[in-house]
Each structure stands twice: as C-alpha cells, then as structure tokens.
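In: Structure here, sequence nowhere to be found:
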C-alpha cells in the first residue's frame, strides 16, 4: 500500500481467514469438496531451489519472480481467482496441510506469493517444517495433519492480483536439503527420494491461514 501502519501490539487484531486448497490447484475461501490428492516427488540429489527470500548472503534475495521455480515438477502452485478488491494481510501466516510421505524423514514447505496481472509471481514469505518419526497428528487415512509457520508479513494484494501458495519439500540452500534417511545433514552420504501426497477434501481441509486486516 506504500504507507506506514502503527499498532499498539503485534500481531494486530485480524480475522484469520482460511484459503482452502482445492482440486485443479485452486485456492479459495470455499470449503473443499471431495477431490483426489495432489502428488509430487522430492529428490535430494536435485533439491528444490529457492529464488530470493530471506537470504542475506545471496546476491539474489528479497522479492523475485518465481516463475522459473514454478515450472518444476516438485513445486505445487495453488492459485486464487483474481481479487475483486484490495486485500491486506498483516500478521503471522500459517499453513495447515494434510500430508503423507513415503519416508518418515522429510520436509514440507509453504510459500506465499503475489501473482501480478502480467503473470509475475513474487514471493512474500515462506516456512519449512522438518518431519521426523512422531511428527504431526495422525489421521484415520494414514495422513498427518501438520502446521507450518510461514513467518510474518504486512502486504497488500491489489485488486486484480491473485494469491498463490507454493507447496514443496525444499528451498535449497536457505534450508539444507533433507536427505530422506535420518542421517545428520552435515555428514550423511546416502539420499532417498520422497513421494509426497497433499490431501484437500472435506475430511482433510488443507488451508492457507491468512490474517486479513
């Protein structure tokens, strides 16, 4: 919005709004219906990279066009319809996911992006959760309910823009690649690829939780 906001406390009072994941890689305020899950494979020998973001030691940091990253098969992109009004998001961004992995040691990442009318997809904030045996809340269908802290932001999505969520299993080198074996990251040598499943149906309502102001 190009303006200062002042609040007596942080986070400021906001309406926490779920933007639900849907079939066809859609993102909306509607509750999810029955839909087949989405899948991707994460291979630590070709780790999903990061473009921009909070990387002080990189010449390419901050907000960057994510389209090269979004062309990869190991990044799922859930996108809203064009917004019919400005939407202000101020506070902590969280992601609730219902997931299943072929490996007990793996990562899941969420990234919030602002898609401009010309197609540019610009990163806003992101977070990664490293799973180990016992992580998450087990569900009857064998999936896990997990929550990812995607950090804090204060951003205006302008009318005509779209809100996009990346779901992946890496952002190398901001986070060290998960080898998939449980070995220490600094000394492990073996690598295993993970087959990842993201559920988004009525019983497994995966959702991006945005603090709307």
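Out: Looks like it arrived, so ask away. Model, not experiment: these values are computed from the prediction.

In: C-alpha from now on. contacts and neighbour counts both.
Out: Noted.

In: Give me the nearest residue to the most centrally placed residue in the chain, chain neighbours excluded.
Out: In the chain, the residue lying closest to the centroid (CA atoms, centre = their mean) is residue 110, at 1.4 Å. The spatially closest residue to residue 110, leaving aside those adjacent along the chain, is residue 167, at 4.9 Å (CA to CA, 6 or more residues apart in numbering).

In: where's that neighbour, which helix or strand?
Out: Secondary structure assignment for residue 167, by DSSP states H and E: strand 162-168.

In: so what does that strand touch, helix or strand wise?
Out: Under the contact definition 3 or more CA pairs under 8 Å, 6 or more residues apart in numbering; DSSP states H and E, strand 162-168 sits against strand 26-28, strand 76-79, strand 106-115.

In: and that strand, what's its mean pLDDT?
Out: Across strand 162-168, pLDDT averages out at 98.

In: That strand pairs with which strands?
Out: strand 76-79 (antiparallel), strand 106-115 (antiparallel) (DSSP bridges).

In: Give the other helices and strands that the helix or strand following the first one contacts.
Out: In this case it means strand 76-79. As assigned by DSSP H and E, the chain's next helix or strand after strand 76-79 is strand 87-101. For strand 87-101, the packing partners by 3+ CA pairs under 8 Å, 6+ apart come out as strand 144-157, strand 194-199, strand 207-212.

In: roughly how far is strand 87-101 from the heart of the chain?
Out: What separates the centre of strand 87-101 from the centre of its chain is 7 Å, taken as CA atoms, centre = their mean, to the nearest Å.

In: what about the protein, any weak spots by pLDDT?
Out: Along the chain, no part satisfies pLDDT under 70.

In: How about the backbone phi and psi for residue 34?
Out: Main-chain torsions, residue 34, degrees, to the nearest 10: phi -60, psi 130.

In: related to what we said a few turns ago, highest average neighbour count across the helices and strands packed on strand 87-101?
Out: Ranked by mean neighbour count, these are led by strand 207-212 with a mean of 22 (mean count of other CA atoms under 10 Å).

In: who's in contact with residue 70?
Out: Shown in contact with residue 70 (CA atoms under 8 Å, 6 or more residues apart in numbering): 76, 77.

In: same thing but at 7 Å, please
Out: For residue 70, the contact set (CA atoms under 7 Å, 6 or more residues apart in numbering) comprises residue 77.

In: Many thanks, we can stop here.
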